[in-house]
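J.: what's the 3D shape of this:
(one chain, ligands or ions: 2)
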Amino acid sequence: MAVDYDLVVIGGGSAGLVAASAGAQLKARVALVEKAGRLGGDCLHYGCVPSKSLIHASRVAHQIRQSAQFGIEVQLQDIRFQEALGHVHRVIDIIQEHDSTERFQSLGVEVIYGTGQFSDRRTFTVNGRQLQARAFLIATGSHPSLPPIDGLTEAGYLTNETVFYIQDQPRSLAVIGAGPIGCELGQAFARLGSEVTLIASRAQILPKEDPDAAAVVQRQMEADGVRILTQSRAQRVEVKDGKKHIWVGGQTIVVDEILLSTGQVPNVESLNLQAAEVAVGKRGITVNGKLQTTNPRIYAAGDVIGGYQFTHVAGYEAAVALQNALLLPLKKADYRVIPWATFTDPELARVGLSEAQARQRYGDDIYVLQQDFSGVDRALAEAAGIGFAKVLTRRNGEILGAHIVGPAAGELIHEVVMAMSYKLKVGALKSIIHVYPTLAEVNSKAALQLTKQTYAKNTTLQGILTKVFNFLRRIS
Ligand SMILES: Cc1cc2nc3c(=O)[nH]c(=O)nc-3n(C[C@H](O)[C@H](O)[C@H](O)COP(=O)(O)OP(=O)(O)OC[C@H]3O[C@@H](n4cnc5c(N)ncnc54)[C@H](O)[C@@H]3O)c2cc1C
Ligand SMILES: NC(=O)c1ccc[n+]([C@@H]2O[C@H](COP(=O)([O-])OP(=O)(O)OC[C@H]3O[C@@H](n4cnc5c(N)ncnc54)[C@H](O)[C@@H]3O)[C@@H](O)[C@H]2O)c1
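T.: Ligands and ions are numbered 1, 2, ... in the order given. A predicted model of the protein is given here:
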């Protein structure tokens, strides 16, 4: 049976745009269906781009407050929140041009705006049109989850979908959930002048991160004035005299606004997936290693499969799914080296295993190579000597993971990502010459720890070298 398209992509966000543009450039016939009326998805409109832009504004405010230590006396007189948001929206607008309908059309993608649904295993219906394709890619992303808190809906709340579009800055803000969204935005609002209370359900903020690294971020957030309640859950919300009263454990917090950051849930509801025989599990659409759903002609990528919820992972998964969908389904997604970063100040970046995972897998054959930024000259020059790089290796130098908390951690992690991707031993980080003075020295200094630690343990070698040097001095 002949079909119209090689690929129909559903969802024009991080995953969908990669698949659609690459597919069209490879000369496949591609249609892209998007419900929102514009391309870009969460990352551009409600996620990475607005959050990083607002974080930048908040960092400028912080630097001004810190400037006296460099002999620069300036008063932070006023923060015009709407103008900070103006910067956010200017950045979105610039990037939107790159993700414009016209650009995708010019690449050869047929862009269709509308919310469609599957009508059978091989047909997706949108705006009354029946799209049939050799393969489909579901890339519909996710939306904020709503925690079961009494009175929350009645009281009203913000999420990442609304917070960048508010008219007035809340004087006081409760942030519920201390994952990356809660910590990034909680700190940004605090630095922009809101009184922020962060409600964290666990003992540790950023619970997916190295505990020591998360503690460094927590200390800075507290220094920024964020009140952090750990092991706490909001139970009930009520509005009294225009204020939101939140019951948390034994206490009540009174704020102007609530920001929810309690995780994301996949967008699967409107797709009529049963008709296509696509199964959905607890975390999202079920896929195999090749990113095929339970209907092998239909692939899924990005947040909708509920794995690593990052733009770069969505793009990677889209590329894997595209290759399988257009040609033969031979390629498996490889999640061995997935980096990510949380853009708090200090930043926190990670790749590979946590210390606990490494110990579970390799027992005592683990070396923890830690270098503090207080020992990195450039960090001191920039008054940014807090945090550390922790590289986890085996005795043979195999790198298992790395955790960096400190200045530019999101950039610095890539040296380790490169080494891990190409299976270089940790010695490679030490043996290449790093420019002095740079923050990247934190990686080479951490790597040197393996030599130092193994040498410290090798008393036989130390004894031999002592004798050799004694002998060489005697005969000189
Ligand atoms: C506040 C915040 C900050 C973030 N910061 C970062 C960061 O710094 N770095 C990072 O890597 N990740 C970050 N993320 C995560 C990142 O935004 C997501 O992982 C990424 O956007 C997922 O891409 P996606 O293609 O799966 O989904 P999306 O980009 O959300 O795209 C899905 C698209 O599908 C459309 N759609 C939904 N349903 C349908 C339907 N039925 N029919 C047609 N179209 C549909 C949507 O309108 C949307 O355009 C952040 C997320 C948030 C919320
Ligand atoms: N820099 C980045 O790459 C970045 C930034 C922001 C978001 N993201 C992505 O977006 C996704 C969603 O982020 P997120 O921070 O919402 O999700 P998350 O799932 O990482 O964190 C949510 C946190 O909220 C807690 N929680 C849940 N219910 C709660 C309650 N009732 N009270 C208090 N705490 C509660 C959870 O225990 C969890 O720690 C993440 O998976 C992440 O991948 C990435």
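J.: Roughly how far does the nearest residue to Gln264 once chain neighbours are set aside sit from ligand 1?
T.: Excluding the flanking residues, the one nearest Gln264 by Cβ to Cβ, 6 or more residues apart in numbering is Ser142, at 3.8 Å. To be clear about C-beta, it is placed using only N, CA and C from the backbone, and glycine gets the same treatment. Computed as Cβ to the nearest ligand atom, to the nearest Å, the Ser142 to ligand 1 distance reads 6 Å.
J.: Identify the residues contacting Ser142.
T.: Each residue near Ser142 by Cβ atoms under 8 Å, 6 or more residues apart in numbering is listed here: 42, 264-267, 284, 303-304, 306, 309.
J.: who does it bridge with?
T.: Pro266 (DSSP bridges).
J.: and the residue of this structure nearest ligand 2?
T.: Taking Cβ to the nearest ligand atom as the measure, the chain has Gly179 as its residue closest to ligand 2, at 2.1 Å.
J.: for that residue, phi and psi?
T.: Main-chain torsions, Gly179, degrees, to the nearest 10: phi -80, psi -160.
J.: Quick one: residues contacting it.
T.: With contact set as Cβ under 8 Å, 6+ apart, Gly179 has these partners: 206-208, 261-263.
J.: Against Ala214, how distant is it?
T.: Applying Cβ to Cβ, to the nearest Å, the value for Gly179 to Ala214 is 11 Å.
J.: Identify the contacts common to those two.
T.: Both Gly179 and Ala214 are contacted by 206-207, under the criterion Cβ under 8 Å, 6+ apart.
J.: about what we covered before: report the buried members of the contacts of Gly179.
T.: 206, 261-262 (16 or more other Cβ atoms under 10 Å).
J.: Could you tell me which of the residues you listed are located in strands?
T.: Among the buried ones among the contacts of Gly179, no residue falls in strands (DSSP state E).
J.: Pick the one among these closest to Asn458.
T.: Distances from Asn458 to these, taken as Cβ to Cβ, are shortest for Leu206 (37.2 Å).
J.: Run the contact check for stretch 188-201 versus ligand 1.
T.: No - counting by Cβ under 6 Å from any ligand atom, ligand 1 has no neighbours in stretch 188-201; the shortest distance is 10.6 Å.
J.: Need the distance between the two termini of that stretch.
T.: Start and end residues of stretch 188-201 are separated by 20 Å (Cα to Cα, to the nearest Å).
J.: Return the distance of it from the chain's centre.
T.: Relative to its chain's centre, stretch 188-201 lies at 19 Å (Cα atoms, centre = their mean, to the nearest Å).
J.: Is any residue of it near ligand 2?
T.: Yes - using Cβ under 6 Å from any ligand atom, stretch 188-201 reaches ligand 2 at 199-201.
J.: what does stretch 140-157 give?
T.: Yes - remark: stretch 140-157 sits within contact range of ligand 2 at Pro147, by Cβ under 6 Å from any ligand atom.
J.: returning to what we had before: ok, and of the contacts of Ser142, which contact ligand 1?
T.: Within these, those near ligand 1 by Cβ under 6 Å from any ligand atom are 42, 267, 303-304, 309.
J.: Now the two most distant members of these.
T.: Across those, the longest distance by Cβ to Cβ is 12.2 Å; it joins Asn267 and Gln309.
J.: can you list residues touching both of these two?
T.: By Cβ under 8 Å, 6+ apart, Asn267 and Gln309 have these common neighbours: 142, 303.
J.: I'd say Ala213 and Lys390 touch.
T.: Yes - with contact defined as Cβ atoms under 8 Å, Ala213 reaches Lys390; the gap is 7.3 Å.
J.: Determine the residues that are contacts of both of those two.
T.: With Cβ under 8 Å, 6+ apart, Ala213 and Lys390 have common neighbours 403-404.
J.: low-confidence ranges in this structure?
T.: The model of the chain has no residue with pLDDT under 70.
J.: Close to ligand 2: what parts of it are there?
T.: Counting by Cβ under 6 Å from any ligand atom, the chain sits next to ligand 2 at 147, 176-182, 184, 199-202, 207, 233-234, 261-264, 309-310, 340-343.
J.: Distance-wise, check the residue nearest to Gln264 relative to Thr342.
T.: According to Cβ to Cβ, Ser142 stands 18 Å off from Thr342.
J.: next one: Gly177
T.: 13 Å.
J.: So Val237: helix, strand or coil?
T.: When classified by DSSP: H, G, I helix; E, B strand; the rest coil, Val237 comes out as strand.
J.: who touches it in this structure?
T.: Contacts of Val237 (Cβ under 8 Å, 6+ apart): 149-152, 154-155, 244-247, 258.
J.: for Gly108, same thing?
T.: By Cβ under 8 Å, 6+ apart, the neighbours of Gly108 are 24-25, 27, 30.
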